[in-house]
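[1] Have a look at this prediction, sequence included:
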Amino acid sequence: IALVLAVAAAIVSLTADSITPNHVLEQVLAIGGAVAFCLLAVIAVIGFASKSRDVMQPVTGRAHAAVVRDTIVLVGSVAVLFITLGLLDVPIDQLLVGGAVTSIILGIAAQQSLGNVFSGLVLLLSHPFGVGDAVSFIASNQS
């Protein structure tokens, strides 16, 4: 339902100029439709991600289903953000170029730290062991 309402809000935002001749009302409809689209589309993305996790969990396990859910939420949220900015006539190309340059600079500068962060996230999301599992440590005397 949220997806259908989000599409309807996007249509209202795109066609606001043909709905009313009043310029102020046109702006209000365009901005209101874009905001409504953003909220409803985020709800739809989260709902879709939760359903996909519920479907995948018996087949792939809890950890992999959670990773898929988080990936769907991340990609869907970025797509919703870009579509909302497009509805509001914000130039997206400058944002993409600035974000890409910033990401490259930060990625090169913090390569070791980012590697540790992503390794920690993988361990956090994959749950390699749980409460009550037996864990053994093997000491090595290699000098």
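    Okay, I see it. Numbering: from 1, shown residues only.

[2] what about residue 80, which helix or strand?
    helix 62-87 (DSSP states H and E).

[3] Return the angle between stretch directions for the very next helix or strand once past that helix and helix 62-87.
    Next in sequence after helix 62-87, counting helices and strands by DSSP H and E, comes helix 92-109. Put simply, helix 92-109 runs at 140 degrees to helix 62-87, going by axes from the mean of the first three to the mean of the last three Cα atoms, to 10 degrees.

[4] starting at the chain centroid, how far to the helix holding residue 80?
    Computed by Cα atoms, centre = their mean, to the nearest Å, the chain-centroid distance of helix 62-87 equals 3 Å.

[5] Tell me the buried residues in that helix?
    64-69, 72-73, 76-77, 80, 83-84, 87 (16 or more other Cβ atoms under 10 Å). All C-beta spots, glycine's among them, are computed from the backbone N, C-alpha and C.

[6] Grab the nearest non-local neighbour of residue 66.
    residue 125 (5.7 Å; Cβ to Cβ, 6 or more residues apart in numbering).

[7] OK, contacts around that neighbour?
    Residue 125 makes contacts with 63, 66-67, 70, as judged by Cβ atoms under 8 Å, 6 or more residues apart in numbering.

[8] Can you show me the CA trace of the host helix or strand of it as PDB?
    Assigned by DSSP H and E, residue 125 falls within helix 111-126. The C-alpha trace of helix 111-126 is given here as PDB (Å, rounded to 0.1, in the frame of the first residue of the first chain):
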ATOM      1  CA  GLN A 111      42.100   2.600   4.200                       C
ATOM      2  CA  GLN A 112      43.400   0.700   7.300                       C
ATOM      3  CA  SER A 113      40.700   2.000   9.600                       C
ATOM      4  CA  LEU A 114      37.900   1.400   7.100                       C
ATOM      5  CA  GLY A 115      39.200  -2.200   6.600                       C
ATOM      6  CA  ASN A 116      38.900  -2.700  10.400                       C
ATOM      7  CA  VAL A 117      35.400  -1.100  10.500                       C
ATOM      8  CA  PHE A 118      34.100  -3.300   7.700                       C
ATOM      9  CA  SER A 119      35.600  -6.400   9.200                       C
ATOM     10  CA  GLY A 120      33.900  -5.600  12.500                       C
ATOM     11  CA  LEU A 121      30.600  -5.100  10.600                       C
ATOM     12  CA  VAL A 122      30.900  -8.500   8.900                       C
ATOM     13  CA  LEU A 123      31.500 -10.100  12.300                       C
ATOM     14  CA  LEU A 124      28.600  -8.200  13.800                       C
ATOM     15  CA  LEU A 125      26.200  -9.200  11.100                       C
ATOM     16  CA  SER A 126      27.300 -12.700  10.500                       C
END
